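J.: Build me a model:
(one chain, ligands or ions: 1)
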Amino acid sequence: MAIERTLSIIKPDATRRNLTGKINARLEEAGLRIVGQRRIRLTREMAEKFYAVHAERSFFNDLCAFMTSGPVVVQVLEGDGAVARNREVMGATNPQNAAPGTIRRDFAESIEANSVHGSDSLDNAAREVAFFFAETDIVG
Ligand code: CMP
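T.: Next up is the predicted model:
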């Protein structure tokens, strides 16, 4: 498989519980390299723009409120098949459906407070990485 980059976000429920290091360890143990990383507080405008694809969904307003409720860690992960690999390590969106040993199964509180986000395709990964990172902020 090819070396890819994907966007990961450690969400406010996880930063609040001081889980950044534990989640990063899971990512690194899975062979993903954290080649860009920044802790930020999303504005409402940024959250709405980032999640624009979900604008018509019933959970959009709550999702944007949650994502702006505390700090997040945005990160670029690099590795062999990184998009799919990260989704495996994260587990299903709803932690109740996530496989044992995945980040969401072990750490997530709910479908909304599900600890991490990961790009769902290579195209979205490129778009989402560019949303938060300049190429000069990514050091492979
Ligand atoms: P994420 O991968 O960040 O992409 C969109 C997010 O919406 C998703 O993770 C969930 O945390 C959140 N969400 C909240 N409610 C739902 C829902 N009913 N279905 C799917 N996603 C939801």
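J.: secondary structure element for residue 22?
T.: Using DSSP states H and E, residue 22 maps to helix 20-29.
J.: cool, residue 14 as well?
T.: Here residue 14 is assigned to helix 12-16, by DSSP H and E.
J.: Any residue of the helix holding residue 22 touching the ligand?
T.: No. Using C-beta under 6 Å from any ligand atom, helix 20-29 stays clear of the ligand, with a minimum separation of 14.0 Å. Glycine gets a C-beta too; all of them are placed from N, C-alpha and C.
J.: Summarise which helices and strands the helix or strand just after that helix is packed against.
T.: Once the chain leaves helix 20-29, the next helix or strand it forms, by DSSP H and E, is strand 33-40. The contact analysis (3 or more C-beta pairs under 8 Å, 6 or more residues apart in numbering; DSSP states H and E) places strand 33-40 against helix 20-29, strand 72-80, helix 122-132.
J.: Check which residues of strand 33-40 are buried.
T.: By 16 or more other C-beta atoms under 10 Å, the buried positions in strand 33-40 come out as 33, 35-37.
J.: Quick check: of the residues you listed, which lies closest to residue 126?
T.: Top of the list for closeness to residue 126, among the buried residues of strand 33-40 and by C-beta to C-beta, is residue 36 at 13.4 Å.
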